[in-house]
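**Student:** Provided below are the primary sequence and the corresponding predicted coordinates.
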Amino acid sequence: MDFIRRACISIWAKKGKSFLMLILLFVLCSLVFAGFAIQSATRASEDIARKKLGGDVTLTLDMDKLMKKMEKSNGNFEEIPPLTLKNIEKVKNLKAVADYQYIVDAFAGKVDKSPVKSDKKEDDNQAGGMTVAGSSDGKAKMPDFAMMGTNKTNSLATFKNSKEKIISGKPITNKDKGNLALIEKRFADQNKLKVGDTFQLKDLETNKSQKFTVHGIYENKEVSGSQQFPVDFMEPANKIYTTVDGAMPFSHNGSLASAKYSMTDPKLIDSFKKAAADVSSVDKDFYKWDANDAAYKTMMQPIQNVASFANIIVIITALAGGLILALLVLLSIRERRFEMGVLLSLGENKAKLIGQFLVEVILIGMIAFSAACLTSEAIGQTVTDQMLNKEVQQAKDDEAKAPSGGMQMATVIGGEQGEKPKGEVIDKVDVHISQQDMVEVGGIGLLVVIIATLLPCLFIIRLQPKMILSKND
């Protein structure tokens, strides 16, 4: 153990060089600490962002791809393959799924019951030329009713936020099948319908009628005539909820509008999207699994840019610090050739001589590491705040310069009426140094120290005491 005592004496005797090495190792540990802390903060921010946006994944049309297809085909509209229950029947059974909801958008014509007329006057011919459905005879027809097929009405945003409330009968659930309908109170009052009564609706494409049973009556607080266009099917009172299989015959090509899956944990979203793509037979050219990805990207882009830069800092710091440390050790060895020659001539083992240099650097490194543990959190927070503020400002500038969307597509009915959570840029993160960070940084630091010390010490192995002392003379 004599080489350890000599290492301590050497550190104290050469205070200047020891202090220089201490500063170098302190900076090395501090920057690596900051990089790891930023990585930890980024992972925590990802969880926060997912929780804010909710744990829902929706299978819906990929409007970006559709727009690009239309542009390439000079506006020629390509037929969209239908999204059927058969395409996605296995997805609901995945372990990550806590709940699911199917949506079917459809339109229907009147048969034996009349729709509620809009109070808004058609003074400016606002609805002129507006057509939604075409019949088999090639003549376009205006629907009388808007239909939404779903497997669970209580999960719809309009019922959750009490914009619509059932006042009679029961909601539609997963157990309900067949032609059951929830109708609005004004439509029920006008046509004197109650729970258990029947009425008919007509498919505008085939002109075939189907009978529906009133399963429940709901009340919509939206006033009559509040819609932009004074047409019957856009009147809130003429919106009919039904089961998925009840709405399918009235939808275009018998297609679902969307399928939404709620996760047991928002962290499972990415793995769910991969698993869902594997077990479903959905055309990826037209449909996408969307977890509000655009908002998530908006929230995470600045902090992810900071994390990427932090990764680069860690790599460059480790390499540059290792090289500088190796150079310092090499210079120290060259200056202490006489000392090495004397020790070797006295029978000292070369391995212990190398161990002496290694212990010197490790002891200084332990002091630097301890100091970095105390100061790196504050340093990391300051560095992160400065970098993140610049990235956030850049993101805001890019958003301000971005052109507003050219064509806005909206559905007159259906889909979820509730707004998706908006993605606000994450402009503040809390940097903490965890025990895991300490272990990882300590491991990296020790590895750099060992490599940077052993490589120059290879110079000692090939030397003989007589050669060293003769050169010194």
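**Tutor:** Arrived safely, thanks for sending.
**Student:** tell me the mean pLDDT for the longest helix out of those in the chain?
**Tutor:** Across the chain, the longest stretch assigned as helix under DSSP state H is helix 350-401. What helix 350-401 shows for mean pLDDT is 80.
**Student:** list the helices and strands that helix packs on?
**Tutor:** Here helix 350-401 touches helix 2-13, helix 15-53, helix 293-335, helix 337-345, helix 435-461, going by 3 or more C-beta pairs under 8 Å, 6 or more residues apart in numbering; DSSP states H and E. Just so you know, the C-beta spots here come from the backbone N, C-alpha and C atoms, and that holds for glycine as well.
**Student:** can you rerun that using 6 Å?
**Tutor:** helix 2-13, helix 15-53, helix 293-335, helix 435-461 (3 or more C-beta pairs under 6 Å, 6 or more residues apart in numbering; DSSP states H and E).
**Student:** Tell me which of the ones you listed is the most buried.
**Tutor:** helix 15-53 (a mean of 20; mean count of other C-beta atoms under 10 Å).
**Student:** Could you check the angle that helix makes with helix 350-401?
**Tutor:** For helix 15-53 against helix 350-401, the angle by axes from the mean of the first three to the mean of the last three C-alpha atoms, to 10 degrees is 40 degrees.
**Student:** Could you look up the SS state of Pro249?
**Tutor:** At Pro249, secondary structure determined by DSSP: H, G, I helix; E, B strand; the rest coil is helix.
**Student:** Phi first, then psi, for the closest residue to it other than its chain neighbours.
**Tutor:** Counting by C-beta to C-beta, 6 or more residues apart in numbering, the nearest residue to Pro249 once its immediate chain neighbours are dropped is Asp203, at 6.0 Å. Torsion angles at Asp203 (phi, psi; degrees, to the nearest 10) stand at phi -80, psi 130.
**Student:** ok, now the one 5 residues further on?
**Tutor:** Note on Lys208: backbone dihedrals following degrees, to the nearest 10 are phi -90, psi 140.
**Student:** want to try JSON lines for the helices and strands packed on helix 350-401, with distance to Ala277 as columns?
**Tutor:** Below are the helices and strands packed on helix 350-401 laid out as JSON lines (distance: least, C-beta to C-beta, whole Å):
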{"stretch": "helix 2-13", "distance to Ala277": "59"}
{"stretch": "helix 15-53", "distance to Ala277": "19"}
{"stretch": "helix 293-335", "distance to Ala277": "14"}
{"stretch": "helix 435-461", "distance to Ala277": "33"}
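**Student:** Which pLDDT value goes with the closest residue to Gln436 other than its chain neighbours?
**Tutor:** Using C-beta to C-beta, 6+ apart and skipping residues adjacent in sequence, the residue nearest Gln436 is Ser40, 7.9 Å away. On pLDDT, Ser40 comes in at 79.
**Student:** circling back to that earlier point, what count of nearby residues applies to the residue nearest to Pro249?
**Tutor:** 18 (other C-beta atoms under 10 Å).
**Student:** same check, this time on the one 5 residues further on
**Tutor:** Taking other C-beta under 10 Å as the criterion, the count of residues near Lys208 is 11.
**Student:** from here on, count from 427
**Tutor:** Yes, from this point I'll number from 427; that puts the last item at Lys634.
**Student:** Report the separation between it and Gln626.
**Tutor:** 10 Å (C-beta to C-beta, to the nearest Å).
**Student:** who touches the nearest residue to Lys634 once chain neighbours are set aside in this structure?
**Tutor:** Spatial nearest neighbour of Lys634, excluding adjacent residues (C-beta to C-beta, 6+ apart): Lys628 at 7.0 Å. If you count contacts by C-beta atoms under 6 Å, 6 or more residues apart in numbering, Lys628 has them with 535, 537, 635.
**Student:** need those residues in JSON lines with distance to Ile780, neighbour count and pLDDT, can you?
**Tutor:** As requested, the contacts of Lys628 are exported to JSON lines (distance: C-beta to C-beta, whole Å; neighbours: other C-beta atoms under 10 Å; pLDDT from 0 to 100):
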{"residue": "Gly535", "distance to Ile780": "92", "neighbour count": "22", "pLDDT": "92"}
{"residue": "Val537", "distance to Ile780": "96", "neighbour count": "14", "pLDDT": "91"}
{"residue": "Ser635", "distance to Ile780": "94", "neighbour count": "14", "pLDDT": "93"}
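**Student:** Format these as CSV; extra columns: distance to Cys455.
**Tutor:** Shown next, in CSV, are the contacts of Lys628 (distance: C-beta to C-beta, whole Å):
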residue, distance to Cys455
Gly535, 75
Val537, 79
Ser635, 78
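**Student:** Which single one of those is nearest to Leu880?
**Tutor:** Gly535 (85.2 Å; C-beta to C-beta).
**Student:** Which elements pack onto the lengthiest strand in the chain?
**Tutor:** For the chain, the strand with the greatest residue count under DSSP state E is strand 523-536. Counting contacts by 3+ C-beta pairs under 6 Å, 6+ apart, strand 523-536 packs against strand 571-576, helix 670-673, strand 684-689.
**Student:** average pLDDT across the first one?
**Tutor:** Per-region confidence: strand 571-576 scores 94 on mean pLDDT.
**Student:** strands paired with it, and their directions?
**Tutor:** strand 523-536 (antiparallel), strand 665-668 (parallel) (DSSP bridges).
**Student:** List the contacts of the first one.
**Tutor:** Meaning strand 523-536. Outside strand 523-536, the residues that reach it (C-beta under 6 Å, 6+ apart) are 518, 558-559, 569-571, 573, 575-578, 581, 627-628, 630, 670, 673, 676-677, 682-688, 690, 840.
**Student:** Quick check on these: which are buried?
**Tutor:** Among the contacts of strand 523-536, those classed as buried by 16 or more other C-beta atoms under 10 Å are 518, 558-559, 569-571, 573, 575-578, 581, 627-628, 630, 670, 673, 676-677, 682-688, 840.
**Student:** would you turn the helices and strands packed on strand 523-536 into CSV with distance to Gly791?
**Tutor:** Formatted as CSV, the helices and strands packed on strand 523-536 follow (distance: least, C-beta to C-beta, whole Å):
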stretch, distance to Gly791
strand 571-576, 64
helix 670-673, 66
strand 684-689, 45
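**Student:** do you know which of these lies nearest Val458?
**Tutor:** Using C-beta to C-beta, those put strand 684-689 closest to Val458, at 34.9 Å.
**Student:** From the chain's centre, how far out is the longest strand of the chain? Work that out for me.
**Tutor:** Chain-centre distance of strand 523-536: 26 Å, with C-alpha atoms, centre = their mean, to the nearest Å.
**Student:** Also stretch 714-726?
**Tutor:** For stretch 714-726, the distance to the chain centre is 5 Å (C-alpha atoms, centre = their mean).
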